[in-house]
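K.L.:
Sequence plus predicted model, see below.
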Amino acid sequence: MRNNLYTPTDIFAVARNEAEVDNLLNTDIYKFMMLDFILTKPEYKDIVVRWKMTVRSKDVKTANVIPKESLIEQLEFTKSIKGISEADASYLRGMTRPDGQRLFREETIEFLKNFRLPEYKIGVDETDNYELEFTGPWSTSILWEIYGLKIINSLYLYHYTKKEKLTNVEFNQIINETLNRLYKDIGIFKETPELTFSEFGTRRSVSTDFQRMVFDILSSSLPNQCLGTSNVMLSREFGLANPRGTNAHELRMIPTALYDDKEKIVETMYDIDRQWANHFPGLSILLPDTYGSSFYFKNAPKDIIQNHNGCRFDSKDPLIAIPEYVDFLLKNNIDPKTKIGIPSDGLDAINSRKIYETQSQKLGKLTFGIGTNLTNNTKGTWPRKNENLGPFGSFSVVVKPSEIQRPDGKWVSCVKLSDNFTKATGEKNRVQFFKEIFGESGVEKKEVFV
């Protein structure tokens, strides 16, 4: 047991009257990579996108916990950021692709130096949860997702403890129990020294301060196993050359919303991956579950089959998803030992070890993206008998592209099906239309926790 003394001001920026997000680099690397990509696509970069926050956890009532004025203050802090600094720009210029070329184009860095976030809207829904909306061109609204999630998660935990008038002793119990869980996980990782992972916990971390603390502990305790963090700002602080990341479902959800033709929708999904591989040589990691992995693998074009570097397994159990991917490769005469696999959904030390022990020999490399269970493993740490304001700790909340405005002015729902229909997002009829296109093979429905 490691018991240190912590106060809310050590953990939460809001407790110090500071911004939770005061630097545009306080986000995941794939946001900047996707931005670099879409800025080269005139047909995509100016699409007006409306993003919406959805709380998926039952019984969580964010509007009953977080004062509206506190949420507005934090969002305003972040919206007031005026681009990245020259020092931040220099750091981004130093990032490289596997072929040694610069990761980001100079045009993207100049764009970020003059970057301003678009407007937001706040409401409260019938479940007593905040409705957050961010609307603007894809090239500017793209960055709101991570910032919004970071703010809502940190404010929920901070104001929960504040409203319940926790003593410093009780607050310490929460933080120390969470850190003790981290040290137990480190012990599990050390039992399998070949297992490697990256910290992917930016969006649902307790706070930026706590994520920094967690990553410091991980990188010093597991220098050969913790490969890095997806957080660009923390990567810079810790002197890491390249943050870790791939791309996100939005990369397919937004372009496919432009079309009603079934064949064009399928063609667009694959063409995005084709264009990504050309834009980022050596970084073509498939994310096949946007509309169902089984459909993706069954119908993948030959050039994508032959010219990708690996696969991220997000919404399907990796014990099922990895063998399915390996079978897909073998059927297409591709050696699985030439590919990398990255499980990344709802992982912790124990299930990562199980996956590694049973699946690592099937691919050239198997490495993990582990998020919330490292940076916000707070469920069950409440020091009192009753959680009067609802569940305390991490909860399932997402910000996804909800709809786009087509060039003719019509607003159309964005759709994500995933390999777990509980995670499906979109307007009901549009979701059904996409199910008719992509089918339901290999898809299940189960509860989500992160």
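P.N.:
Thanks, I have the structure now.

K.L.:
Pull the distance from stretch 409-420 to the chain's centre.
P.N.:
Mean C-alpha position of stretch 409-420 versus that of the full chain (CA atoms, centre = their mean, to the nearest Å) differs by 18 Å.

K.L.:
If we go by neighbour counts, what in that stretch is buried?
P.N.:
Within stretch 409-420, the residues that count as buried by 16 or more other CB atoms under 10 Å are 412-420. In short, each C-beta sits where N, CA and C put it, glycine included.

K.L.:
Need these in a markdown table (columns: pLDDT and secondary structure).
P.N.:
Output for the buried residues of stretch 409-420, formatted as a markdown table (pLDDT from 0 to 100; DSSP: H, G, I helix; E, B strand; the rest coil):
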| residue | pLDDT | secondary structure |
| --- | --- | --- |
| V412 | 99 | strand |
| S413 | 99 | strand |
| C414 | 99 | coil |
| V415 | 98 | coil |
| K416 | 96 | strand |
| L417 | 96 | coil |
| S418 | 93 | coil |
| D419 | 94 | coil |
| N420 | 90 | strand |
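
K.L.:
Show me what the helix or strand where N180 lies is packed against.
P.N.:
Assigned by DSSP states H and E, N180 belongs to helix 168-190. Helix 168-190 sits against helix 208-221, helix 349-359, helix 372-375, with contacts defined as 3 or more CB pairs under 8 Å, 6 or more residues apart in numbering; DSSP states H and E.

K.L.:
Quick check: which of those helices is buried the most?
P.N.:
Most buried of those, by mean neighbour count (mean count of other CB atoms under 10 Å): helix 372-375, with a mean of 26.

K.L.:
Which residue, other than its chain neighbours, is closest to A248?
P.N.:
Distance criterion CB to CB, 6 or more residues apart in numbering; nearest residue to A248, sequence neighbours excluded, is Y30 at 5.8 Å.

K.L.:
Now tell me what touches whatever helix or strand the one you found lives in from outside.
P.N.:
In the assignment (DSSP H and E), Y30 maps to helix 29-38. With contact meaning CB atoms under 8 Å, 6 or more residues apart in numbering, helix 29-38 is reached by 44-45, 92, 103-105, 108, 111-112, 138-139, 142-143, 145-146, 230-232, 235, 242-248, 250-251, 275-276, 279-280, 283.

K.L.:
Next: stretch 326-338.
P.N.:
For stretch 326-338, using CB under 8 Å, 6+ apart, the contacting residues are 297, 300, 302, 305-306, 325, 339, 362-364.

K.L.:
How about stretch 286-300?
P.N.:
Against stretch 286-300 from outside (CB under 8 Å, 6+ apart): 246-249, 251-253, 266, 269-270, 273, 304, 308, 310-316, 321, 324-325, 328, 415-419, 434, 437-443.

K.L.:
Inside strands: which ones of those residues?
P.N.:
Counted as lying in strands by DSSP state E, out of the contacts of stretch 286-300, are 310-313.

K.L.:
export the residues you listed to a markdown table and tack on distance to E164?
P.N.:
Listed next are the ones in strands among the contacts of stretch 286-300 as a markdown table, based on distance: CB to CB, whole Å:
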| residue | distance to E164 |
| --- | --- |
| G310 | 45 |
| C311 | 44 |
| R312 | 38 |
| F313 | 38 |
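
K.L.:
Just the buried residues from those residues, in PyMOL please.
P.N.:
The buried residues among the ones in strands among the contacts of stretch 286-300 can be selected in PyMOL (16+ other CB under 10 Å) with this line:
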select buried, resi 310+311+312+313
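
K.L.:
re earlier: and the buried ones among the contacts of helix 29-38, selectable in ChimeraX?
P.N.:
The following ChimeraX line selects those of the contacts of helix 29-38 that are buried, judged by 16+ other CB under 10 Å:
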select :44,45,92,103,104,108,111,112,138,139,142,143,145,146,230,231,232,235,242,243,244,245,246,247,248,250,251,275,276,279,280,283
